[in-house]
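Peer 1: Predicted model follows, preceded by the sequence.
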Amino acid sequence: DVKVTQSSRYLVKRTGEKVFLECVQDMDHENMFWYRQDPGLGLRLIYFSYDVKMKEKGDIPEGYSVSREKKERFSLILESASTNQTSMYLCASTTPGPSSYEQYFGPGTRLTVT
Amino acid sequence: AQSVAQPEDQVNVAEGNPLTVKCTYSVSGNPYLFWYVQYPNRGLQFLLKYITGDNLVKGSYGFEAEFNKSQTSFHLKKPSALVSDSALYFCAVRGTGNNRLAFGKGNQVVVIP
């Protein structure tokens, strides 16, 4: 079974802090994604990566950055956390290709910024 | 651009009755369509997908979905709902050659005992 793990289930940070969210997958997937989930808004893509050191902005990249130094690990960074970044953050991974493979999701990190 | 509409915020259904969760999509080219389920405080779990072939797709936990190209719909169905089916359901689409999924806003399903 594919396993996608996230470093924390719950996190509380103060405004202005630098926050790191870590995601690790064990299936050698090339593509990895970071989403945030808010009630009534569904999932919105923040960033994704299709290879080591490669990244692309999603729909809402402002206030976030990412790092992918190793294939299995994709980190989301909040440079200076703000209260409007309080949300559920979900990481996912998949294999690209001519067919369409489903994305596999981690359990999520619920971040509260006070 | 690609997008998904899930028109109902919440679907209430009595246990044992048929369950339908609606999804319509917009995409360039051929669509790849997915349904995911999310239980409280958990990540998303894959239920089923349509890539090509038969319009009726069967998935996990007795769920199925019907692809209708003319109506650009991919409704999720289950013949007999269980209380344990109470969860948040997301429809997603991506077009050919696109790495990204577009998700709908989600439908809360409540199965009443």
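Peer 2: Done, it's in. Values in this document were obtained by computation on a predicted structure and should not be read as measured data. Residues are numbered from 1 along each chain as shown, chains lettered A, B, ... in the order given.
Peer 1: helix or strand for the closest residue to B:Thr20 other than its chain neighbours, which one?
Peer 2: Closest residue to B:Thr20 apart from its sequence neighbours, by Cβ to Cβ, 6 or more residues apart in numbering or on different chains: B:Lys77 at 5.2 Å. (C-beta placed from N, C-alpha, C; glycine too.) Assessed by DSSP states H and E, B:Lys77 sits inside strand B:73-78.
Peer 1: Of all residues in chain A, which one is nearest the centre?
Peer 2: To find the centre residue of chain A, average its C-alpha atoms and take the closest one (Cα atoms, centre = their mean): that gives A:Trp34, at 2.6 Å.
Peer 1: Whichever helix or strand that residue is part of pairs with which strands, parallel or anti?
Peer 2: Assigned by DSSP H and E, A:Trp34 belongs to strand A:31-38. The pairing partners recorded for strand A:31-38 under DSSP bridges are strand A:42-51 (antiparallel), strand A:87-94 (antiparallel).
Peer 1: Run the chain-centre distance for that strand.
Peer 2: 5 Å (Cα atoms, centre = their mean, to the nearest Å).
Peer 1: Give me the residues contacting it.
Peer 2: Outside strand A:31-38, the residues that touch it by Cβ atoms under 8 Å, 6 or more residues apart in numbering or on different chains are A:21, A:23, A:25, A:43-50, A:58, A:60, A:64, A:66, A:68, A:74, A:76, A:87-96, A:103, A:108, B:99-100, B:103.
Peer 1: Could you tell me which residues of chain A lie near chain B?
Peer 2: Proximity of chain A to chain B, by Cβ under 8 Å from any Cβ of the partner chain, involves residues A:4, A:9, A:31, A:33, A:35, A:40-45, A:48, A:50, A:58, A:90, A:92, A:96, A:99-100, A:102-108, A:110.
Peer 1: go with 6 Å
Peer 2: Within reach of chain B by Cβ under 6 Å from any Cβ of the partner chain, chain A has these residues: A:Gly42, A:Leu43, A:Leu90, A:Ser100, A:Glu102, A:Phe105, A:Gly106, A:Pro107, A:Gly108.
Peer 1: quick one: the closest residue to A:Ser67 other than its chain neighbours from A:Asp28, how far?
Peer 2: Among residues not flanking A:Ser67 along the chain, A:Ser75 sits closest, at 4.5 Å (Cβ to Cβ, 6+ apart). Computed as Cβ to Cβ, to the nearest Å, the A:Ser75 to A:Asp28 distance reads 18 Å.
Peer 1: Could you check which of these two has the larger neighbour count?
Peer 2: Higher neighbour count among A:Ser75 and A:Asp28: A:Ser75, with 19 against 10, using other Cβ atoms under 10 Å in any protein chain shown.
Peer 1: check contacts around A:Ala81.
Peer 2: By Cβ atoms under 6 Å, 6 or more residues apart in numbering or on different chains, the residues touching A:Ala81 are A:Lys13, A:Glu17, A:Val19, A:Val113.
Peer 1: how does it look with 8 Å?
Peer 2: By Cβ under 8 Å, 6+ apart, the residues touching A:Ala81 are A:Lys13, A:Arg14, A:Thr15, A:Gly16, A:Glu17, A:Lys18, A:Val19, A:Leu111, A:Val113.
Peer 1: Just the buried ones from these, in PyMOL syntax?
Peer 2: This is how PyMOL selects the buried members of these, with burial counted by 16 or more other Cβ atoms under 10 Å in any protein chain shown:
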select buried, chain A and resi 13+19+111+113
